[in-house]
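Colleague: Sequence below, structure please.
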Amino acid sequence: MSNYCTPIQRLQVVREGSFKRRPRITCTQTARKFAEAFFAERGADRECFVVVHLDTKHRPLSIEVCTIGTLDASLVHPREVFKAAIVAGASAVLLMHNHPSGDPTPSREDKAVTDRLDEVGKLIGITVLDHIVVGDDEGGSVSLREVL
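Modeller: Down below sits the predicted model:
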């Protein structure tokens, strides 16, 4: 055995919970409600970028908090967004993040990230269903599919 050791990693998907009562995310309204409910439970003071991995019927397989940023920014790279989606066997993803300011108006960067992730998703065969930006209770949410 040599003195050089290569780290060995094991990647495993573990299912927790039931497949019953998973909502189908088939339209913008359903996606917005799902995102609003997710962030309402968490009250984040920093921007969180979340990826929902969806099966072929657009039911959630898993939810991943991909990045946690600062008060007004979150770095997002396609490699991190699609890594867990590939492992989960996702057919599509729903992207969502919050704006701690409460104003869900998408920024120029939000639009650019959505465009880039949409392109990468097409290349690897995983559909980007939508990207929802969530504000506070009064601000609601905005679908980037509707804005773009």
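
Colleague: could you say what helices and strands the longest helix belonging to the chain packs with?
Modeller: Longest helix in the chain by number of residues (criterion: DSSP state H): helix 108-124. Where contact means 3 or more C-beta pairs under 8 Å, 6 or more residues apart in numbering; DSSP states H and E, helix 108-124 is packed against helix 78-88, strand 92-98, strand 127-134, helix 144-147. Placement of C-beta: from N, CA and C, glycine included.

Colleague: mind putting the ones you listed in CSV, mean neighbour count and distance to G43 included?
Modeller: Shown next, in CSV, are the helices and strands packed on helix 108-124 (neighbours: other C-beta atoms under 10 Å; distance: least, C-beta to C-beta, whole Å):
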stretch, mean neighbour count, distance to G43
helix 78-88, 17, 24
strand 92-98, 25, 9
strand 127-134, 24, 11
helix 144-147, 15, 23
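
Colleague: do you know which of the ones you listed lies nearest R42?
Modeller: Relative to R42, the nearest member of the helices and strands packed on helix 108-124 by C-beta to C-beta is strand 92-98, separated by 8.2 Å.

Colleague: which sections of the protein are below the confidence cut-off?
Modeller: The chain contains residues with pLDDT under 70 at 1-20, 70-74, 148.

Colleague: and the most centrally placed residue in the chain, helix, strand or coil?
Modeller: For the chain, the residue nearest the mean C-alpha position is V51 (1.8 Å; C-alpha atoms, centre = their mean). What DSSP: H, G, I helix; E, B strand; the rest coil gives for V51 is strand.
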